[in-house]
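Asks: structure, please.
(one chain, ligands or ions: 1)
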Amino acid sequence: MAGRAAQGPPGHPGRCAHRRRDARARDRARGGRARRGARRPDRRLRRGDGPTRRGAARRQAADERGGVRAGGAPRRGRAGLVSRPGEDATDRGAGVPARRVALRALRRAHRDDAWGSPALDAALGEAQLDARDRAFATALALDTLRREGTLDWALGQVLDRSIDDIEPDVRDVLRLGAWQIGYGRVPTRAAVSTSVELAREEVGARATGFVNGVLRALGRRWDELPWPDPSEPEGLALATGYPRWVVEAAVARFGAGARSVLEAGNAPPGATLRARPGARDALVAELRDAGLSAEPGRLHELAVRVPGADPRRLAATREGRAVTQDEASMLVVDALDARLDPHSRVLEPCAAPGGKASDLVLRGHRVVAADRHAGRVREMADLVGRLGIDLDLAVADGTTSPWRDGAFDAVLVDAPCTGLGTVRRRPELRWRRDPGDPGTLAELQRALLAAAVRSVPSGGTVCYSVCTWTAAETDEVVAWALAHLPVRLVPADGPPDAEAAHAGAVQLRPDEHDSDGMYYAVLRRE
Ligand SMILES: C[S@@+](CC[C@H](N)C(=O)[O-])C[C@H]1O[C@@H](n2cnc3c(N)ncnc32)[C@H](O)[C@@H]1O
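Replies: Residues are numbered from 1 along each chain as shown. You can find the predicted model right below:
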């Protein structure tokens with residue numbers, strides 16, 4: 001049903017994002033406590049839509065038996081929305097406990113501003129779910145966070161008030177229910193009855209009628225909602241699950257390829273590890289012996305892909321034989337390493353958690369790894385201990401580099417950025433960025449780059465990288481450096497089809513390279 005006519009002036013995710021941020025701030029200001037007393041759904045919802053108690057009990061029993069309509073095929077993604085959450089998206093009988101885990105993960109993400117994956121890990125750790133229920137809880141929690149703007153828009157079509165005016169826990173129960181209806185291939189009855197039960201357990205009986213009414217109305221109307229035309233930014237934002245400003249930035253950057261980049265950002269990539277030099281095949285064999293489906297990476301000779309694995313639980317990472325790292329990051333280190341003499345003195349001023357700095361050490365360079373945040377430097381110290389490598393650590397602000405000018409042969413500026421190239425692994429990140437962020441971060445990136453150029457002598461090398469693709473943080477920063485700093489661009493190694501607007505710089509894309517959307521450029525001081 002792609003291309004459903006654009007009608008009406010529904011709210012768009014960009015606006016929702018701001019409202020949500022405001023709402024989160026309000027919630028925090030209230031000490032993160034849920035407000036008392038869910039409001040009633042509108043009269044229309046109350047009049048005819050509430051389930052009878054016995055009916056709800058029957059449906060609940062059916063859910064616990066299987067949650068799938070007798071003879072019913074899974075519902076497919078509708079209204080041009082691609083149902084591709086990447087995790088197992090069907091409930092296949094998962095009951096309330098899996099949904100409770102998802103709700104608790106959302107609560108941590110919204111109330112405490114936790115990242116989605118650790119929030120989910122914590123919630124999973126408190127429950128005892130079998131593998132199938134874990135998979136459902138994971139898909140439900142992470143894809144609900146990912147598609148929050150679309151779910152809020154859809155709920156807004158059947159609500160009589162702003163979604164922000166709903167008590168936070170009830171709002172999250174509604175979002176989870178809406179995801180099951182719209183994306184999860186869960187029959188509406190099962191989605192509604194399990195949501196009602198969840199609301200009863202986690203919020204109180206006062207919320208059940210409201211949840212029941214809203215989700216039943218949504219289930220009836222989802223196919224007929226006035227989805228805007230996906231060839232327009234607002235429709236594309238709803239169809240792909242991004243804030244509108246991110247969609248506009250992607251269209252500005254990738255033109256007709258924007259949708260493909262955005263959709264690839266919705267497919268969780270699984271774990272990628274970096275083996276020690278020369279030890280890739282041994283690592284693959286070790287992981288396979290442990291029953292995992294490990295395979296060599298596609299872009300880098302040290303990369304090993306381990307779909308479905310939690311890298312923190314692997315003996316190889318715990319014992320320092322492997323480091324969790326995306327292949328795109330390995331290519332950044334390659335691009336710099338290719339320009340360096342053996343045993344070069346390298347500064348990484350934004351180095352935590354130490355992925356690239358440790359890679360440079362293992363390639364034989366003498367590295368100073370600094371970061372502005374002491375806690376993150378401590379994380380690097382842990383990594384150094386696990387890997388048993390020699391890496392000098394420092395807490396320092398990279399914009400006011402404490403090292404004398406020209407002290408290093410090379411600097412790798414892996415700058416803080418919007419991170420939009422990593423949304424595959426951080427589903428909620430897109431909702432935590434604002435339209436002003438690329439510009440604000442570009443200022444910091446320029447300051448870091450200027451300090452880096454001062455830290456190398458004439459002929460020294462500076463590699464600039466960011467895990468994003470916005471023009472402001474990539475080509476425009478490099479254009480500024482070429483105009484204002486004593487540097488010239490040196491062609492960087494990368495996949496042949498990954499050239500950025502500046503010939504010689506590299507822009508990786510999740511859709512074309514199945515990697516983080518990383519950008520890098522190599523500069524030489526004149
Ligand atoms: C993209 S991460 C670096 C990732 C790291 N290079 C790696 O490969 O593991 C950016 C880092 O910059 C740090 N940072 C932010 N502002 C900084 C500043 N002004 N000076 C130094 N570090 C900064 C952040 O704490 C963060 O750890």
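
Asks: next one: phi and psi at the nearest residue to Ala410 once chain neighbours are set aside?
Replies: Counting by Cβ to Cβ, 6 or more residues apart in numbering, Ala410 lies nearest to Thr461, which is 4.2 Å off, once chain neighbours are set aside. All C-beta spots, glycine's among them, are computed from the backbone N, C-alpha and C. The phi and psi torsions at Thr461 (degrees, to the nearest 10) take the values phi -120, psi 140.

Asks: so Thr461 bridges to which residues?
Replies: Legend: beta-bridge partners of Thr461 under DSSP bridges are Ala410, Arg524.

Asks: what is the neighbour count of it?
Replies: Neighbours of Thr461 under the rule other Cβ atoms under 10 Å: 24.

Asks: I'd guessed it sits against Arg524; true?
Replies: Yes. Between Thr461 and Arg524 there is a contact under Cβ atoms under 8 Å: 5.8 Å.

Asks: overlap in contacts, those two.
Replies: Listed as contacting both Thr461 and Arg524 by Cβ atoms under 8 Å, 6 or more residues apart in numbering are 339, 490.

Asks: taking the stretch 101-250 of the chain, what residue is nearest to the ligand?
Replies: Per Cβ to the nearest ligand atom, the residue of the stretch 101-250 of the chain with the smallest distance to the ligand is Trp115, at 14.1 Å.

Asks: in this protein, where is pLDDT below threshold?
Replies: Across the chain, the stretches falling below the confidence threshold (pLDDT under 70) are 1-93, 500-502.

Asks: and it, which residues reach the ligand?
Replies: By Cβ under 6 Å from any ligand atom, the residues of the chain that approach the ligand are 329, 349-356, 371-373, 376, 397-399, 414, 416.

Asks: are any of these buried, and which?
Replies: Among the residues of the chain next to the ligand, those classed as buried by 16 or more other Cβ atoms under 10 Å are 329, 349-356, 371, 397-399, 414, 416.

Asks: residues contacting Ala119?
Replies: Ala119 makes contact with 105-106, 108-109, 112, 141 under the criterion Cβ under 8 Å, 6+ apart.

Asks: give me the distance from stretch 506-526 to the chain's centre.
Replies: On the basis of Cα atoms, centre = their mean, to the nearest Å, the separation between the geometric centre of stretch 506-526 and that of its chain is 18 Å.

Asks: do the same with stretch 483-494
Replies: With Cα atoms, centre = their mean as the basis, the distance from the averaged C-alpha position of stretch 483-494 to the chain average is 30 Å.

Asks: ends of it, how far apart?
Replies: Taking Cα to Cα, to the nearest Å as the measure, stretch 483-494 stretches 24 Å from start to finish.

Asks: swap in stretch 354-374?
Replies: First residue to last in stretch 354-374 (Cα to Cα) measures 13 Å.

Asks: residues of it that come out buried?
Replies: The neighbour-count criterion (16+ other Cβ under 10 Å) identifies 354-363, 365, 367-371 as the buried residues of stretch 354-374.

Asks: for the residues you listed, name the two members farthest from one another.
Replies: The widest separation within those, taken as Cβ to Cβ, falls between Arg363 and Asp371 and amounts to 20.3 Å.

Asks: please identify the buried residues of the helix or strand hosting Ala394?
Replies: Here Ala394 sits within strand 392-395, counting by DSSP states H and E. Of all the residues in strand 392-395, those buried under the rule 16+ other Cβ under 10 Å are Leu393.

Asks: helices of the stretch 101-250 of the chain, residue ranges please.
Replies: Taking DSSP state H, counting those that start in this stretch as the test, the helices found in the stretch 101-250 of the chain are 116-125, 131-146, 148-156, 168-182, 188-202, 208-221, 233-240, 244-254.

Asks: when you compare where the fourth one runs with where helix 148-156 runs, what's the angle?
Replies: Translated: helix 168-182. Put simply, helix 168-182 runs at 90 degrees to helix 148-156, going by axes from the mean of the first three to the mean of the last three Cα atoms, to 10 degrees.

Asks: tell me which other helices or strands helix 168-182 touches.
Replies: helix 96-111, helix 131-146, helix 148-156, helix 188-202, helix 208-221 (3 or more Cβ pairs under 8 Å, 6 or more residues apart in numbering; DSSP states H and E).

Asks: that one: how far from the chain's middle?
Replies: On the basis of Cα atoms, centre = their mean, helix 168-182 is displaced by 19 Å from the centre of the chain it belongs to.

Asks: likewise the second one?
Replies: Relative to the chain's own centre, helix 131-146 is displaced by 14 Å; criterion: Cα atoms, centre = their mean.

Asks: please apply the same query to the shortest one.
Replies: Between the mean C-alpha location of helix 233-240 and the chain-wide mean there is a distance of 18 Å, by Cα atoms, centre = their mean.

Asks: list the helices and strands that helix packs on?
Replies: Helices and strands touching helix 233-240, as assessed by 3+ Cβ pairs under 8 Å, 6+ apart, comprise helix 13-29, helix 148-156, helix 244-254, helix 258-264.

Asks: by how many degrees do that helix and helix 244-254 diverge?
Replies: Going by the same axes, to 10 degrees, helix 233-240 makes 100 degrees with helix 244-254.

Asks: cool, the fourth one as well?
Replies: For helix 168-182 against helix 244-254, the angle between stretch directions is 50 degrees (the same axes, to 10 degrees).

Asks: what comes up buried for helix 168-182?
Replies: 168-182.

Asks: and the longest one, by the same measure?
Replies: Buried residues in helix 131-146, counting neighbours by 16+ other Cβ under 10 Å, are found at 133-146.

Asks: can you get me a residue count around the residue lying closest to Ala122 once chain neighbours are set aside?
Replies: The shortest distance from Ala122 to any residue other than its chain neighbours is 6.4 Å, reached at Arg108 (Cβ to Cβ, 6+ apart). Residue neighbour count, defined by other Cβ under 10 Å, stands at 20 for Arg108.

Asks: list the contacts for Arg108?
Replies: Taking Cβ under 8 Å, 6+ apart as the contact definition, Arg108 lies against 114, 119, 122-123.

Asks: highest neighbour count among the residues you listed?
Replies: The member of these surrounded by the most neighbours (other Cβ under 10 Å) is Ala119, with 24 neighbours in all.

Asks: now that residue. Nearest residue, chain neighbours left out?
Replies: Arg108 (3.7 Å).

Asks: please apply the same query to Met330.
Replies: Using Cβ to Cβ, 6+ apart and skipping the chain neighbours, the partner closest in space to Met330 is His300 (4.2 Å).

Asks: for the residue positioned nearest the centre of the chain, which non-adjacent residue is spatially closest?
Replies: Ranked by distance to the mean C-alpha position of the chain (Cα atoms, centre = their mean), the top residue is Arg426 at 1.8 Å. Excluding the flanking residues, the one nearest Arg426 by Cβ to Cβ, 6+ apart is Trp115, at 6.4 Å.

Asks: cheers, nothing more for now.
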